[in-house]
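**Q** build the 3D model from these lines:
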Amino acid sequence: MSKLDQGQINPIKKNIAKILKNYSISNFNFSVNPRGAHNTTIIITEKGGNKYAMRVYCQNRRTKNEIRLEIDYINFLFNRGLPVPEVVPHKKNNYIAETEIDGKLWYSILTKFFRGNHPKFYSKKLLKDLAFIQAKMHLLAPAFNSKYSNLLKLCDTGEKSKNYLYTDLLSVDKINLKNLKKIELKNFLARALKLSINFKKLPIAIVHKDIHAFNIIENKGKLAAVLDFDDLFNGPLFIGLPYMLWDIYVKNNDWSYASYYINEYEKTRKILKEERENIKNFLLLRNYIMGTVEYLVGGENSKGVLMMNLEKYFKIEKEIMKLKIEKLYGKK
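**A** Predicted coordinates:
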């Protein structure tokens, strides 16, 4: 997977060994996870069999206090029994390791490893597990508070959605539509930039908005873990649900699985009327974000450098446009 930033660590053994000295780990094997748009994830296996996932943060992407906020949120969920990574403190009894390598300071965290795989298809069993966990996360979200919470800027809850929804990706405003040769792409990006959603009536909280197949682990058909809290979001707590519905449709190519997910979600948390009215807008928003980033990473002729061919995003947009919200609720 192509990285959206420059400034990732060179994941060679001597660099990894230097970081792992913080944890008194010296005898290990490792592999580099190719996924992830920004940071570098390295799987560590100790001689004794203990296994960990180490995240090394991209240079100049997150401050130390922003990483502390992420850890506080993970620990908040972990201490309430949710399947999220257990962050391992290093020998100085801190969660963030600071390691100087070739004149640069690198921040990293170490978590216990979850066995399993990223799903390629969402079974109903997995969807049932995940819907319960996401609904539980949304119920808990208003109670989360950290002394670092104010570092996460509240999203613009007005109608200019593009003002904040692309800020953690790349500068969309630098796209010059006039220079594009493909008309379908030009029109797609124009609609993405014009999309407006009124979020003013929606509940606001700090949430994980980016739950999808590459940020979850399944083991023997069951949900094992929700991962990757790097991009916490301070805004409509509901936003992650339609984002998840979008990924379900992408993987299963069938809206009935999205409908099943909604019904399972509502067994734990009822979707508000204002949220329900915005499901299609959020589905479009997710598709525009992913399609836009695909173009920014892979260019006009991208064949899935980030995730999928650009033509797939165009097709999904049309499917969302004609989708009846009643269908998602299992009604004719």
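
**Q** residues contacting stretch 315-323, please?
**A** 188, 191, 246, 249, 250, 255, 280, 283, 284, 287, 288, 291 (Cβ atoms under 8 Å, 6 or more residues apart in numbering). Just so you know, the C-beta spots here come from the backbone N, C-alpha and C atoms, and that holds for glycine as well.

**Q** switch these over to CSV; also include distance to residue 32 and neighbour count.
**A** Formatted as CSV, those follow (distance: Cβ to Cβ, whole Å; neighbours: other Cβ atoms under 10 Å):
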residue, distance to residue 32, neighbour count
188, 33, 21
191, 37, 13
246, 28, 22
249, 30, 21
250, 25, 19
255, 36, 17
280, 38, 17
283, 33, 24
284, 34, 21
287, 30, 24
288, 30, 24
291, 27, 25
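
**Q** tabulate those in TSV, adding columns for pLDDT, distance to residue 232 and secondary structure.
**A** As requested, the contacts of stretch 315-323 are exported to TSV (pLDDT from 0 to 100; distance: Cβ to Cβ, whole Å; DSSP: H, G, I helix; E, B strand; the rest coil):
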residue	pLDDT	distance to residue 232	secondary structure
188	93	28	helix
191	89	28	helix
246	97	19	helix
249	97	25	helix
250	96	23	helix
255	95	29	helix
280	93	25	helix
283	94	22	helix
284	92	23	helix
287	93	22	helix
288	89	21	helix
291	91	23	helix
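
**Q** out of those, which comes closest to residue 48?
**A** Among the contacts of stretch 315-323, residue 250 lies closest to residue 48 (Cβ to Cβ), at 39.7 Å.

**Q** list the contacts for that closest one?
**A** 308, 316.

**Q** and the gap between it and residue 258?
**A** 10 Å (Cβ to Cβ, to the nearest Å).

**Q** then residue 246?
**A** From residue 246 over to residue 258 (counting by Cβ to Cβ), the distance is 8 Å.

**Q** ditto for residue 274
**A** Distance from residue 274 to residue 258, by Cβ to Cβ: 19 Å.

**Q** and these two? Which one has more around it.
**A** Neighbours were counted for residue 274 and for residue 258 using other Cβ atoms under 10 Å; residue 258 has more, 25 against 15.

**Q** what's the closest non-adjacent residue to that one?
**A** Leaving aside its chain neighbours, residue 258 sits nearest to residue 245 (4.4 Å; criterion: Cβ to Cβ, 6 or more residues apart in numbering).

**Q** circling back: from the contacts of stretch 315-323, pick the one nearest residue 146.
**A** Nearest member of the contacts of stretch 315-323 to residue 146, counting by Cβ to Cβ, is residue 246, at 28.8 Å.

**Q** and residue 33, bridged to which residues?
**A** For residue 33, the beta-bridge partners under DSSP bridges are residue 41.

**Q** what separation is there between it and residue 198?
**A** 38 Å.

**Q** now residue 104
**A** In terms of Cβ to Cβ, residue 104 sits 43 Å off from residue 198.

**Q** in terms of neighbours, single out the busier of the two.
**A** Legend: neighbour count by other Cβ under 10 Å for residue 104 and residue 198, higher for residue 198 (14 against 11).

**Q** report the separation between that one and residue 314.
**A** From residue 198 over to residue 314 (counting by Cβ to Cβ), the distance is 26 Å.

**Q** ditto for residue 111
**A** 38 Å.

**Q** and the strands in this structure?
**A** 28-33, 40-46, 51-56, 87-88, 97-101, 104-112, 204-208, 216-219, 222-226, 232-236 (DSSP state E).
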